[in-house]
Structure formats: C-alpha cells, structure tokens
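In: need a structure here:
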Amino acid sequence: MVDKTIDAPYDKTMNREDEETLNNLIKGGLLGAGLTALLKRQVDGEDIAVGALLGAAILASVKASERAKETKIPLLVQEGDSLYWKHPDGHKEFFKELPNDSKSLPTKFKLS
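Out: Numbering: from 1, shown residues only. Here you go, the predicted model:
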C-alpha cells in the first residue's frame, strides 16, 4: 500500500488573527443578511446572499482601515478632486490633482 499523504509547507492551524478575521467576516455577513431582510419587503435567497457579501465586505474594509492606521504609514485619501497623504500625526500632504474632465476618460472599455 502506498502512502499518499502530502506534508503541507505551512501550519494548518489558524492563529488568533486569522480567527478574528473569520469571525468578523461571519458577523458582517450576518449583519448584512439581517439588514437586507429588514429593509426589503420581499426577499429571496439571492438578496440575502448579496446582503451578506456586502456586510462582510464593509466590515472587512473597516477592520483593514483600523489596522492600516496602526502601521504608522501614511494613507492616501481623496478630498474633492485631490489626493493627499494623511500622516499618522494627522497632517495632510498634497499628492496630486485628479482629472475632473470627463474627456480624459475613455468612452469604451475592453473587459478582457
């Protein structure tokens, strides 16, 4: 009999941060699904699934933003038509103007 087990190059157990991330995704999904059910009069499975995905994505974005602030690395933020570096001490440094002319955008996009 041939042994077909493969040793994984990584530890299969989840660390505390992974568990917290998974729990937050589940919480966000439940919150999104619940809000969808409350806000719509007639809900089907697809609506609930989309609400769950949106809830998970929103909560993940919030948590990622919180963690990014902890890194002490400047964040790129948009205010109006401009981009700024927002530093950990709170001051903003101008980065660049965003094009506000719709002529600079292509009229057609290739999605392949």
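
In: Can you show me the helices along the protein?
Out: Remark: helices assigned in the chain by DSSP state H are 16-39, 45-70.

In: Low-confidence ranges, the chain, go.
Out: For the chain, applying pLDDT under 70 flags the ranges 1-14, 102-104, 112.

In: Let's have the helices of the chain in JSON lines, adding mean neighbour count and distance to residue 77.
Out: (C-beta placed from N, C-alpha, C; glycine too.) Output for the helices of the chain, formatted as JSON lines (neighbours: other Cβ atoms under 10 Å; distance: least, Cβ to Cβ, whole Å):
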{"stretch": "helix 16-39", "mean neighbour count": "14", "distance to residue 77": "23"}
{"stretch": "helix 45-70", "mean neighbour count": "14", "distance to residue 77": "11"}
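
In: want to throw the ones you listed into CSV with distance to residue 76?
Out: Converted to CSV, the helices of the chain look like this (distance: least, Cβ to Cβ, whole Å):
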stretch, distance to residue 76
helix 16-39, 23
helix 45-70, 10
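
In: which stretch among the ones you listed comes nearest residue 85?
Out: Shortest distance between residue 85 and these, using Cβ to Cβ, is found for helix 45-70: 12.9 Å.

In: For the closest one, name the packing helices and strands.
Out: Where contact means 3 or more Cβ pairs under 8 Å, 6 or more residues apart in numbering; DSSP states H and E, helix 45-70 is packed against helix 16-39.

In: If anything else comes up later, I'll come back, but that's it for now.
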